[in-house]
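*Asks:* sequence first, then the predicted structure, then my questions.
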Amino acid sequence: MSRWVHVNGDWLPEAAAKVSVFDRGFLFADGVYEVTSVLDGKLADFDGHAARLMRSLAALEMPAPCDRDRLLALHREAVARNDLTEGMVYLQVTRGAAERDFAWPEAPEPSVVLFTQARPLVEAPAAQRGLRVITVPDLRWGRRDIKTVQLLYPSMAKMQAKAAGCDDAWMVEAGHVTEGTSNNAWIIAGGRIVTRGLGTEILHGITRAAVLRLADEAGLAIEERAFTPEEAKVADEAFATAATIFVMPVVEIDGVRLGDGTPGPLTRRLRALYIDEMRRSAI
Ligand code: PDD
């Protein structure tokens, strides 16, 4: 079944949805994106994603193609046109088409693309068994707080994980875990929930922020600090967060099983809290 895809103001059947070969997103990965999950046909944490998009655009001195209200209308139209009840909306904004030149064009006309992907999120099969991850060196660029479409290294790391028979890779820099290929990394040790603090080394996850808030409201102990792979391997529990996986248990790191190798109780509790909160607040 063909989806309706938004390209620069038009809604097109997916086979007809095209951008220019001169688009700087295609030539230079000169673009940013957001992935917003859809639950019960509504957008989860839309305002967090819209705010981060604006932040990414500003960091690259790229003009915003529209305001938050127009963005919301586009997301809602993507959901409605595609009869989406559960899954995600992908939004990409690039600097648009220009003659190939390392310098940015002076008056860029951003390209805006939106499409949907249907996928079970609440009943995701991986949430039952948990993820097995490997660690790899973090060889990405230094501005990981900008959500750019420059995703080749995370893609290579994911392939390395698959080749090792695992689900994902946690990236390590200067002896500490930065994040997963497309998610933030967490451990639970001695009853404390630990995740890396914000900086340019990681993406400022919207799911991460919600989980920190919910954990705090539940009176759980939180530490925002870097942790080592060695610490993670002896942790009681571990998990990853992202719009596409919510709170996803991690049950094995570099072949070392955590606990009894099944999703831990606190992780399951945080996943349930997160899903309830998103169901309640989605718009
Ligand atoms: N990725 N870290 C990285 C490197 C990511 O790519 C993502 C999300 C996250 C989690 O961010 P959030 O909680 O806002 O989804 C952390 C999206 C889902 C993707 O690339 O598909």
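*Replies:* Ah, there it is.

*Asks:* who touches Glu201 in this structure?
*Replies:* Under the criterion of CB atoms under 8 Å, 6 or more residues apart in numbering, the contact list for Glu201 reads Asp138, Gly142, Arg144, Asp145, Glu173, Thr178. Glycine gets a C-beta too; all of them are placed from N, C-alpha and C.

*Asks:* distance to the ligand, pLDDT and secondary structure added to the residues you listed, as TSV?
*Replies:* Shown next, in TSV, are the contacts of Glu201 (distance: CB to the nearest ligand atom, whole Å; pLDDT from 0 to 100; DSSP: H, G, I helix; E, B strand; the rest coil):
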residue	distance to the ligand	pLDDT	secondary structure
Asp138	10	98	coil
Gly142	13	97	coil
Arg144	6	98	coil
Asp145	10	98	coil
Glu173	13	98	strand
Thr178	8	98	strand
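
*Asks:* need the buried ones from those residues selected in ChimeraX.
*Replies:* A single ChimeraX command selects the buried members of these (16 or more other CB atoms under 10 Å):
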select :138,144,145,173,178
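
*Asks:* using PDB, write out every CA atom in whichever strand or helix holds Met171.
*Replies:* Following DSSP states H and E, one finds Met171 within strand 168-173. The C-alpha trace of strand 168-173 is given here as PDB (Å, rounded to 0.1, in the frame of the first residue of the first chain):
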ATOM      1  CA  ASP A 168      22.600  -2.600  18.600                       C
ATOM      2  CA  ALA A 169      25.900  -1.000  19.500                       C
ATOM      3  CA  TRP A 170      26.700   1.300  22.400                       C
ATOM      4  CA  MET A 171      29.400   3.700  21.400                       C
ATOM      5  CA  VAL A 172      32.400   4.400  23.600                       C
ATOM      6  CA  GLU A 173      34.700   7.500  23.700                       C
END
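
*Asks:* and the strands in the stretch 1-150 of the chain?
*Replies:* Taking DSSP state E, counting those that start in this stretch as the test, the strands found in the stretch 1-150 of the chain are 4-7, 10-13, 31-39, 42-43, 87-94, 111-118, 131-137.

*Asks:* nearest to Ala243, of these?
*Replies:* strand 31-39 (4.6 Å; CB to CB).

*Asks:* next, see if that closest one gets close to the ligand.
*Replies:* Yes. Strand 31-39 reaches the ligand (CB under 6 Å from any ligand atom) through Val35.

*Asks:* then stretch 91-99?
*Replies:* No. Applying CB under 6 Å from any ligand atom, one finds that stretch 91-99 is not in contact with the ligand, the shortest distance being 10.8 Å.

*Asks:* which positions in that stretch come out as buried?
*Replies:* So stretch 91-99, judged by 16+ other CB under 10 Å, has buried residues Leu91, Gln92, Val93, Thr94, Arg95, Gly96, Ala97, Ala98.

*Asks:* hmm, Ser111 and the first one touching each other?
*Replies:* This means Leu91. No. Assessed by CB atoms under 8 Å, Leu91 is found out of contact with Ser111, at 11.3 Å.

*Asks:* quick check: residues of this structure near the ligand?
*Replies:* In this structure, the chain approaches the ligand at residues 35, 179, 182-184, 203, 205-208, 241-244, judged by CB under 6 Å from any ligand atom.

*Asks:* name all residues that make contact with Asn183.
*Replies:* Asp168, Gly205, Thr207, Ala240, Thr241, Ala242, Thr244, Ile245, Met248.

*Asks:* nearest residue to the third one other than its sequence neighbours?
*Replies:* Right, Thr207. Nearest residue to Thr207 in three dimensions, chain neighbours excluded: Thr241, at 4.1 Å (CB to CB, 6 or more residues apart in numbering).

*Asks:* name the helices or strands packed onto the helix or strand harbouring that neighbour?
*Replies:* When elements are assigned from DSSP H and E, Thr241 belongs to strand 237-242. For strand 237-242, the contact count by 3 or more CB pairs under 8 Å, 6 or more residues apart in numbering; DSSP states H and E identifies strand 184-189, helix 206-217, strand 246-253, helix 265-281 as packing neighbours.
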